[in-house]
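K.L.:
Below: sequence and its predicted model.
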Amino acid sequence: VQLVESGGGSVQAGGSLRLSCAASKYIYFRYCMGWFRQSPGKERERVAHINNGDGSVYYADSVEGRFTISQDGAKNTLYLQMNSLKPEDTGTYYCAAGRLTWNGRCPNNFGYWGQGTQVTVS
């Protein structure tokens, strides 16, 4: 499975960006699809995920109310709509896919990763 992100760029604070992640094949069933980011000097952070087992959605506290994760199964594409961007949102954003655990939860470790796309907010 290959994941390819796009949509990153530079934007002023308060602006918006939409990231896309195209999967090489349909993998959503029994998978958790997520967005992570890594900022300089910080550990990789889980920003949001969709559990395709029960449909639940998770957002990090730092992005709740500003970011929206969604997906289009017909296009094998995952999205992250980012509004009201702040300088602290700057980082490399990664799309990831992880198989659901035996009890239907999103895993701690995701098995498939994209190459990342840079988001810079000034």
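P.N.:
Perfect, I can see it now. Keep in mind that this is a model prediction, so the values were computed, not measured.
K.L.:
the strands in the protein, which residues?
P.N.:
When secondary structure is read from DSSP state E, the chain shows strands at 3-6, 9-11, 17-23, 31-38, 45-51, 57-59, 67-72, 77-82, 91-99, 112-113, 117-121.
K.L.:
neighbours of Ala48, just the number please.
P.N.:
22 (other C-beta atoms under 10 Å). (Glycine included, C-beta is placed from N, CA and C.)
K.L.:
my read: it touches Leu80, true?
P.N.:
Yes: assessed by C-beta atoms under 8 Å, Ala48 is found in contact with Leu80 at 6.5 Å.
K.L.:
Find residues that contact each of those two.
P.N.:
Here Ala48 and Leu80 share the contacting residues 35, 67, 69, scored by C-beta atoms under 8 Å, 6 or more residues apart in numbering.
K.L.:
still on that earlier bit, packed most tightly, which of the strands of the chain would that be?
P.N.:
Most buried of the strands of the chain by mean neighbour count (mean count of other C-beta atoms under 10 Å) is strand 31-38; its value is a mean of 23.
K.L.:
Report the angle between it and strand 17-23.
P.N.:
130 degrees (axes from the mean of the first three to the mean of the last three C-alpha atoms, to 10 degrees).
K.L.:
Name the residues that touch strand 31-38?
P.N.:
Residues outside strand 31-38 that contact it (C-beta under 8 Å, 6+ apart) are 19, 21, 44-53, 58, 69, 71, 78, 80, 89, 91-100, 106-107, 110, 116, 119.
K.L.:
Tell me the bridge partners for the spatially closest residue to Arg44 that is not a sequence neighbour.
P.N.:
Once flanking residues are discounted, Arg44 sits nearest to Gln38: 4.5 Å by C-beta to C-beta, 6 or more residues apart in numbering. Beta-bridge partners for Gln38, by DSSP bridges, are Thr92.
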